[in-house]
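Q: using only what follows, build the 3D model:
(one chain, ligands or ions: 1)
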Amino acid sequence: MSNRLLWPAVGLMAAMTFNAVAQTSAPTAKSPRNRSDVPAEFRWDFSPIYPNWDAWEAGMRDMEAKTDAFAALKGTLKNGPDAVLKAYLSFDEIGKLQYRLYRYPQLQRDVDTRDQAVAGRFQRVGALFAKFDTATAWFTPELLTIPQATMQGWLDQTPALAPYRFPILEAYRKAAHVLDEKGEHLMSLAGRFNGTPRETYSELSTSDIKFPTITLADGSSATLSPASYYALLEGNRDQADRAKAAAAHLGAYAATAHTYAAVYNGVLQRDWFIAQARNFPTTLDAALDSDAVPRQVVETLIEATRAGVAPLQRYFRLRKKLLGLDTYHPYDGSLPLYKSDKTYPYETARELALASVAPLGADYVSQYRRFVSGGRIDVYESPGKRSGAYSAGVYGVGPYQLLNYNDTLDAVFTFAHEGGHAMHTVLSYENQPFATSDYTIFVAEVASTTNERFLLEELLRRTTDPKERFLLLQHAADSIVGTYFTQVMFADFELQAHRLVEQGQPITTAVLRKLYGDTARAYYGDAMTLDPFYEDTWARISHFFNSPYYVYQYATCFASSAQLFKAMTTGTPESRKAATERYLTLLKSGGNDQPMKQLQKAGVDLTQRATIQSVIDQLDALVTQMEAEAAKIR
Ligand SMILES: [Zn+2]
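A: A predicted model of the protein is given here:
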C-alpha cells in the first residue's frame, strides 16, 4: 500500500516538467503585486480544506490515532473478506485525511515560500506520513500471503470490496517481482544508496557548476545560468552571440564531462541491478512494470518517430528560411519568427478556455465554469510565490490550480493546460471512490494537452490576421517539437544507453557523446547543423539522471491526445459524439484500471504505429498551414 501523497502530485510534477520543456522565460507583463492587492476571487480560498490551523492540528492528531488503529489490524487479514474490507476502509479514511493535511500547508507555502511557520508545519506532515508508512509496511506482504484464488473468491462474493478489486489484483500482479524476505531486506539496504547518482548530479549541476560570463557583440556581458541563457536564445537576434552563448553554456557541463559520465554510469548500473535482482529481462521492462505498459509501446514510439522525422526537418527548414539564416543550429530554435504585442488579460483567457471546450458538452463547460469562478485558482505572481503552474487535488474538495499569469499567449495555453488537469480531477473525484480516484501521469497529460488543442482551434477560429494565425500555429508546432519529438529523441538516447550496460559495454564520456550526437543527427538530418559541443547535451538533461524512462510518457500522452482530438472533431456527427463520450469516460475513470487499458477503451492503442503517426501528420499539416500564412505576411 503506497503513500501517494509523498510523491509529487501528478499534476504538479508533470506541470513543472512540462513548463521546463515548453516554456523558458516568458516576459512578465506586470510586475509582482502584493497579495493583499489581488482581489479574493483571484486568490486561493483554503477554507474548504480546513477553516483554520486549529482544525488542521486536530486533523494531525486524528491521523495519528487512525494510524495506530490501522497498525492494530496486523495479523487479521487472513480472517476473511470482512477483515480485508475493514483494513481498506480504514486506509481510505486515512488517505482522505492525508490529502487535507498535506495540501493545507503545501498550498499556503507555495503562495508565500518565505513564511517559515507554514514551512515548519509542512515539514511536520512529512514526518507524520513517514511514521504512517512504517506503521503500515506490513499490509501488502500480509495481503499477498492469502492465495490469489482465495482472494479472487472473496472479491467475487463481497460486493463491498468492489472499489478495491483493481488495487488488490494489481498488488498480486506486481508480486511476481517481489523477492523473498531475505531478498527484500537486501533490496531495502541497497535502496539507501540508490539515490546517490541523483544526489551527486544535483550537486554537480547546481551547487558546483560554474556558469561562464561572455562578452556579446554589442560589448555587454552575460552570465549564462540556465535562465539567462534561455532568455538570450529567445531575445538575441545576433546568431554569432547565440552560438557563443551555446558553446559557453554547454561548455560549463563539458568542463566536468567525465564526472557526469561516471554519474550516469551509476544511474545505468543501478537500473540494471534492480532489473536483474527483480527478474526483469531488461531495464525497460522493469521501468514499465508499475503501469503495466508493454515494452512495445516505447519501441514502436521510437521506431515510428525515427521514420517520421520529415515534418520536423521541414519545420526547421521553414524557420531557417524565415529567419534568413545560412545555417540552422539548435541555438536558433527559440528565436521568435514574428513579434506580437497582443496581450491576453486573465478574464479573456478564462472566457477563451471556456468557449474552447464547448465540443466536450454542456456539463463539462458548466463544471469548468464553476471551477474557474473564484477561490480555486491562484492567478497572479506575487512576492514569495513559487514559479510555474500546476494543478493539485484534494479528494472531497476538488482541484486547486496555481498560475503566474502574465497576459502572454503562453500564459493562456498554460491556463488551458492546467484546466485540463483540473477538470480531469473534478470528473474523477465525482465518479470514482477514493481508492481509484488518482490517475497516472500516463493519462494525466492526455487531459491537459487535449484542452490546449481545443484552445488552439478556438483562437484560430477567431482570427483571420495572417501574423496572428502564424503565431498560433507556431505555438502548436513548437509544442509538438518540444513535448513530442525532443522527448522521443531523449527516450531513444536513454534506451540505447541502458542497452549498452545490459550488454556489458563500457560507458565513457566518448561513448555518451557519440551516442547523443548520432541520435540527434537521426532526428535532425541535414536540416540542423549540430555543432560538436552539442554532443555534451546529455549531461544537462536532468531527467536522464533523476527519472530514467520517464520522458517517453510526454510523447505517448501527446500522441494519444492527438488521436482523441482527431476522433472528436472529424468524421460524422455520430462518430464525433461517440468519441467525445469515450473521452469523457476516460476522464471519469480516474485510476480504475491500467492506463493502457483505459486508453484502449477511449479508442487509443499505443502499440499501433497509426497512433504515433497522428502526431507526425499533425506537425506536417501545421507546417503546411504556416507556409501558407507566412506567404501572406508583409
Ligand atoms: Zn501537465
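Q: phi, psi for the residue at the greatest distance from the centre of the chain please.
A: No residue in the chain sits farther from the centre than N79, which is 41.3 Å out by CA atoms, centre = their mean. Backbone torsions of N79, given as degrees, to the nearest 10, read phi -70, psi -10.
Q: who's in contact with the residue nearest to G266 when sequence neighbours are not counted?
A: Leaving aside its sequence neighbours, G266 sits nearest to P197 (CB to CB, 6 or more residues apart in numbering; 3.9 Å). Every residue, glycine included, has its C-beta placed from N, CA and C. Counting by CB atoms under 8 Å, 6 or more residues apart in numbering, P197 touches V263, Y264, G266, V267, R270, F545.
Q: which SSE is the fifth one in?
A: Assigned by DSSP states H and E, R270 belongs to helix 257-277.
Q: who are the packing partners of the helix or strand that that helix is followed by?
A: Following helix 257-277 in sequence order, the next helix or strand is helix 283-288 (DSSP H and E). Counting contacts by 3 or more CB pairs under 8 Å, 6 or more residues apart in numbering; DSSP states H and E, helix 283-288 is packed against helix 257-277, helix 295-307, helix 486-502.
Q: how close does S391 sit to T200?
A: According to CB to CB, to the nearest Å, S391 stands 32 Å off from T200.
Q: more neighbours: which of the two?
A: Per other CB atoms under 10 Å, whichever of S391 and T200 has more neighbours is S391, with 29 against 18.
Q: element containing that one?
A: Using DSSP H and E, S391 sits in strand 390-394.
Q: buried ones in the longest helix belonging to the chain?
A: Longest helix in the chain by number of residues (criterion: DSSP state H): helix 81-111. Neighbour-count burial for helix 81-111 flags 81, 84-85, 87-88, 90-111 (criterion: 16 or more other CB atoms under 10 Å).
Q: so what does it touch, helix or strand wise?
A: Packing contacts for helix 81-111, counted by 3+ CB pairs under 8 Å, 6+ apart, involve helix 53-71, helix 116-135, helix 139-144, helix 148-157, strand 390-394, strand 398-402.
Q: distance to the ion for those - can I get that in JSON lines?
A: Below are the helices and strands packed on helix 81-111 laid out as JSON lines (distance: least, CB to the ion, whole Å):
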{"stretch": "helix 53-71", "distance to the ion": "28"}
{"stretch": "helix 116-135", "distance to the ion": "23"}
{"stretch": "helix 139-144", "distance to the ion": "30"}
{"stretch": "helix 148-157", "distance to the ion": "34"}
{"stretch": "strand 390-394", "distance to the ion": "8"}
{"stretch": "strand 398-402", "distance to the ion": "11"}
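Q: hang on, the earlier thing: any chance of a markdown table for the helices and strands packed on helix 283-288, columns distance to F122, mean pLDDT and mean neighbour count?
A: Below are those laid out as a markdown table (distance: least, CB to CB, whole Å; pLDDT from 0 to 100; neighbours: other CB atoms under 10 Å):
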| stretch | distance to F122 | mean pLDDT | mean neighbour count |
| --- | --- | --- | --- |
| helix 257-277 | 29 | 98 | 19 |
| helix 295-307 | 36 | 96 | 18 |
| helix 486-502 | 31 | 98 | 22 |
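Q: turn those helices into CSV, including distance to the ion.
A: Shown next, in CSV, are the helices and strands packed on helix 283-288 (distance: least, CB to the ion, whole Å):
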stretch, distance to the ion
helix 257-277, 25
helix 295-307, 19
helix 486-502, 13
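Q: export the ones you listed to a markdown table and tack on distance to T140?
A: Listed next are those as a markdown table, based on distance: least, CB to CB, whole Å:
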| stretch | distance to T140 |
| --- | --- |
| helix 257-277 | 18 |
| helix 295-307 | 25 |
| helix 486-502 | 28 |
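Q: residue in the stretch 101-250 of the chain nearest to the ion?
A: Relative to the ion, the nearest point of the stretch 101-250 of the chain is D110 (16.3 Å; CB to the ion).
Q: my guess is that residue contacts K385, does it?
A: Yes. Under the criterion of CB atoms under 8 Å, D110 makes contact with K385 at 6.9 Å.
Q: give me the common contacts of these two.
A: Here D110 and K385 have no joint contacts, going by CB under 8 Å, 6+ apart.
Q: and the closest residue to T509 other than its chain neighbours, how far from T282?
A: Nearest residue to T509 in three dimensions, chain neighbours excluded: A261, at 4.3 Å (CB to CB, 6+ apart). With distances taken as CB to CB, A261 is found 22 Å from T282.
Q: now G75
A: 38 Å.
Q: CA atoms only for stretch 131-140 - export them in PDB, please.
A: Taking Å, rounded to 0.1, in the frame of the first residue of the first chain, the C-alpha atoms of stretch 131-140 are listed here in PDB:
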ATOM      1  CA  LYS A 131       5.600   7.300  10.500                       C
ATOM      2  CA  PHE A 132       2.400   6.100   8.800                       C
ATOM      3  CA  ASP A 133       4.400   4.300   6.100                       C
ATOM      4  CA  THR A 134       6.500   2.400   8.700                       C
ATOM      5  CA  ALA A 135       3.400   1.500  10.800                       C
ATOM      6  CA  THR A 136       1.600   0.100   7.700                       C
ATOM      7  CA  ALA A 137       4.500  -1.600   5.900                       C
ATOM      8  CA  TRP A 138       3.100  -5.000   6.900                       C
ATOM      9  CA  PHE A 139      -0.100  -4.600   4.900                       C
ATOM     10  CA  THR A 140       0.900  -5.600   1.300                       C
END
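Q: quick check: mean pLDDT of that stretch?
A: Mean pLDDT, stretch 131-140: 89.
Q: what comes up buried for that stretch?
A: Along stretch 131-140, these residues count as buried under the neighbour rule (16+ other CB under 10 Å): F132, A135, T136, W138, F139.
Q: closest to V426 out of the residues you listed?
A: If you rank the buried residues of stretch 131-140 by distance to V426 using CB to CB, F132 comes first, at 27.4 Å.
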